[in-house]
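S.K.: My questions concern the predicted model and sequence given below.
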Amino acid sequence: MTAQVRISQSLANKIGVAARDRSPIVGYTHNFYRYPARFSPKFAAAAIECFSKPGDLVCEPYMGGGTAVVQALVMGRHVVGNDLNSLSSFITKVKVTPLNRTEINAVMAWAENVVPTLTYWRSRRPLTRHLSAPETKNLGLVRGRFIKKVIAAGLASLGELPTRDAQDFVRCVLLRVSQWALDGRETHTSLAEFRDKLSSDTVQMLAGLESFVDALESHKMRPRSYLNTGDAGDIDKMAIFAQQGRRARLAVSSPPYPGVHVLYHRWQVDGRRETPAPYWIAGRKDGEGSAFYNFGDRREQGTITYFSNSLRTLRAIRNTLADDGVIVQMVAFGDPQTQLPLYLKNMEEAGFRELSASGKRIWRQVPHRKWHAALQKKTSSSKEVVLIHRAG
């Protein structure tokens with residue numbers, strides 16, 4: 001295996017401090033939704049600052065909740081974001097889409113005038129088409145049934161908003177508050193609490209979007225985002241790479257983890273029963289399923305499928321990078337002792353050389369993660385490692 005290439009200790013220290021940062025995620029639109037397995041904006045910011053400059057193109061091949069996409073834009077970089085999960089694409093698009101004054105006023109009017117009218121005691125008939133979706137599975141159980149009908153009433157009210165962007169923003173408010181009310185919740189959420197949070201979160205999210213737009217407008221050349229819903233193995237076929245011939249200076253991401261399966265697409269309600277309700281609220285289809293979001297099925301005991309798919313996507317990512325471009329990844333392993341060497345071999349075969357300071361890698365302990373390990377034994381999946389590689 002190719003030996004590691006040295007980087008300065010100061011760069012390694014900056015990345016390490018940011019990777020281990022445990023402060024709450026705040027600022028801009030970062031808190032629009034609590035996407036599973038997301039990393040800190042400070043980590044994304046450190047990688048972007050260390051390995052790119054304003055005006056460069058940054059690539060996020062597994063964008064998840066869009067943390068690196070948002071951070072790259074506010075730091076004056078153009079950015080490509082990609083994810084197989086349509087929920088990821090929806091959330092990221094809302095995070096980076098400005099609203100005009102008419103749209104903002106309409107969203108505020110929705111929070112002030114419509115939200116107080118959302119109640120369980122409404123006729124079911126006008127809401128039927130919003131309640132019959134397969135994506136509402138398991139929301140008819142005890143803790144979800146009242147909230148389910150109120151969400152349906154909220155979705156039925158979207159027609160009062162003037163544009164698709166305003167409607168998607170409100171969908172994201174409903175998504176965020178519904179996750180708070182239902183996902184892993186051990187106590188019942190009252191309708192009054194739900195409505196109050198809808199109103200307050202609308203105001204907070206509009207303020208976050210305003211600060212995001214202010215950051216964009218502070219740059220001489222407004223940075224652009226290019227978002228795609230698709231397989232990372234095809235990311236090099238996106239028009240910006242295949243037709244325009246541009247290359248990214250940096251890729252920063254957290255790819256799927258071998259032997260560790262995260263519920264990227266579902267919530268757990270009423271005693272850990274899974275529901276695909278996020279797709280219902282976002283108005284998106286879950287066209288792939290959990291196996292595709294993890295490079296393999298959660299029931300698979302081995303990782304053969306994972307590593308073959310990983311190599312395919314890493315080769316495509318290499319094609320998106322400049323010849324001296326850098327990829328920074330945060331990865332966890334169900335069995336680091338055997339899986340990390342396999343992953344590093346994939347990186348080498350895809351055309352990357354590892355960078356490090358003093359031959360040491362950056363590890364961090366990750367608290368309170370919701371994921372499922374496929375391996376039926378004690379795992380080290382609560383630890384993540386930062387891998388830094390240069391193309392070439």
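M.R.: Sure, I can see it. Numbers count the residues shown, from 1 in each chain.
S.K.: continuing past the helix or strand encompassing residue 344, what's the next helix or strand?
M.R.: For residue 344, the element it lies in under DSSP states H and E is helix 336-349. Tracing the chain past helix 336-349, the next element assigned as helix or strand by DSSP H and E is strand 352-356.
S.K.: other SSEs contacting that next one?
M.R.: Identification of packing neighbours for strand 352-356 by 3 or more CB pairs under 8 Å, 6 or more residues apart in numbering; DSSP states H and E yields strand 5-6, strand 383-391. To be clear about C-beta, it is placed using only N, CA and C from the backbone, and glycine gets the same treatment.
S.K.: Could you look over the ones you listed and pick the most buried one?
M.R.: Stretch with highest mean neighbour count among the helices and strands packed on strand 352-356: strand 383-391 (a mean of 21; mean count of other CB atoms under 10 Å).
S.K.: hang on, the earlier thing: worst mean pLDDT among the helices and strands packed on strand 352-356?
M.R.: Of all these, mean pLDDT reaches its minimum on strand 5-6 (a mean of 66).
S.K.: who touches the helix or strand following that one?
M.R.: Counting by DSSP H and E, the element after strand 5-6 in chain order, helix or strand, is helix 9-19. Identification of contacts with helix 9-19 by CB atoms under 8 Å, 6 or more residues apart in numbering yields 39-40, 42-43, 45-47, 49-50, 328, 330, 356-358, 360, 362, 364, 384, 386, 388.
S.K.: picking that back up, so which of the helices and strands packed on strand 352-356 comes closest to residue 314?
M.R.: Across the helices and strands packed on strand 352-356, residue 314 has its closest neighbour in strand 383-391 (9.4 Å, CB to CB).
S.K.: Please name whichever of the helices and strands packed on strand 352-356 is nearest to residue 123.
M.R.: strand 383-391 (49.3 Å).
S.K.: low-scoring stretches of the stretch 1-150 of the chain, by residue?
M.R.: The stretch 1-150 of the chain contains residues with pLDDT under 70 at 1-6, 143.
S.K.: if you set the cut-off to 90 instead, what comes out?
M.R.: Residues of the stretch 1-150 of the chain meeting the criterion pLDDT under 90: 1-9, 12, 21-25, 35-39, 119-146.
S.K.: quick one, helices of it?
M.R.: Along the stretch 1-150 of the chain, the stretches classed as helices by DSSP state H, counting those that start in this stretch are 9-19, 41-51, 67-74, 86-96, 101-109, 128-131, 145-156.
S.K.: Output the contacting helices and strands for the third one.
M.R.: The helices and strands touching helix 67-74, judged by 3+ CB pairs under 8 Å, 6+ apart, are helix 41-51, strand 57-60, strand 78-83, helix 86-96, helix 191-217, strand 225-229, strand 248-253.
S.K.: Can you lay out the ones you listed as a markdown table showing mean neighbour count?
M.R.: Converted to a markdown table, these look like this (neighbours: other CB atoms under 10 Å):
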| stretch | mean neighbour count |
| --- | --- |
| helix 41-51 | 23 |
| strand 57-60 | 29 |
| strand 78-83 | 27 |
| helix 86-96 | 24 |
| helix 191-217 | 17 |
| strand 225-229 | 20 |
| strand 248-253 | 26 |
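S.K.: what's the closest of those to residue 343?
M.R.: Of all the helices and strands packed on helix 67-74, strand 248-253 sits nearest to residue 343, with 13.4 Å by CB to CB.
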